[in-house]
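for reference, the sequence and a predicted model appear below.
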Amino acid sequence: QVQLVESGGGLVQPGGSLRLSCTASGFTFSSYAVRWYRQAPGKEREFVAGISSHGGSTGYADPVKGRFTISGDNAKTTVYLQMNSLKPEDTAVYFCNALNGLRPPYWGQGTQVTVSS
């Protein structure tokens, strides 16, 4: 059964940090590019960060550059999103997706991140 599962969300104060995880099962995760997206209430889903299928390149949306880091473990079974210096405007449901260009991407169910004092 194909599954993508996000975890690591929660409530954090402004300036704090969280690390999100995206774990896959049922397909060869290492051959897929992985992207993180987020969706705040009343807003469209937006791209946050991405990593290539073999981890050789990464990309970030301007609002998170310098604060967020995407990485994968050696076996590429899990992709992480390290989020530092969090701001209230980072509050959203965070989703990961996996794509290889040959089929529609797989999506996880999302994990809630709330940045508030």
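The structure has been received and is ready for your questions. Treat the numbers as computed from the prediction; the structure is a model and nothing was measured. Numbering: from 1, shown residues only.

now the residue sitting nearest the centre point of the chain: how far from Leu20?
In the chain, the C-alpha closest to the average C-alpha coordinate belongs to Trp36, at a distance of 3.1 Å (C-alpha atoms, centre = their mean). Distance, Trp36 to Leu20, using C-beta to C-beta, to the nearest Å: 7 Å. Quick note: C-beta positions are derived from backbone N, CA and C, even for glycine.

need the residues touching each of those two.
Leu81, Tyr94, Cys96 (C-beta atoms under 8 Å, 6 or more residues apart in numbering).

helix, strand, or coil at the nearest residue to the last one once chain neighbours are set aside?
Pointing back at Cys96 there. Among residues not flanking Cys96 along the chain, Cys22 sits closest, at 3.5 Å (C-beta to C-beta, 6 or more residues apart in numbering). Three-state call for Cys22 (DSSP: H, G, I helix; E, B strand; the rest coil): strand.

show the contacting residues for Cys22.
Neighbouring residues of Cys22 by C-beta under 8 Å, 6+ apart: Leu4, Val5, Glu6, Val34, Trp36, Thr78, Val79, Tyr80, Leu81, Cys96, Ala98, Gly108.

ok, now how distant is it from Gly9?
Using C-beta to C-beta, one obtains 11 Å as the distance from Cys22 to Gly9.

Ile70 reaches Met83, doesn't it?
No: under the criterion of C-beta atoms under 8 Å, Ile70 is not in contact with Met83, lying 10.0 Å apart.

circling back: top of the contacts of Cys22 by neighbour count?
Neighbour counts for the contacts of Cys22 (other C-beta atoms under 10 Å) peak at Cys96, which has 30 neighbours.

and it, what's its pLDDT?
We have a pLDDT of 96 for Cys96.

could you identify the helix or strand that succeeds the helix or strand hosting it?
Here Cys96 is covered by strand 92-99, with elements defined by DSSP states H and E. Using DSSP H and E, the next helix or strand after strand 92-99 towards the C-terminus is strand 106-107.
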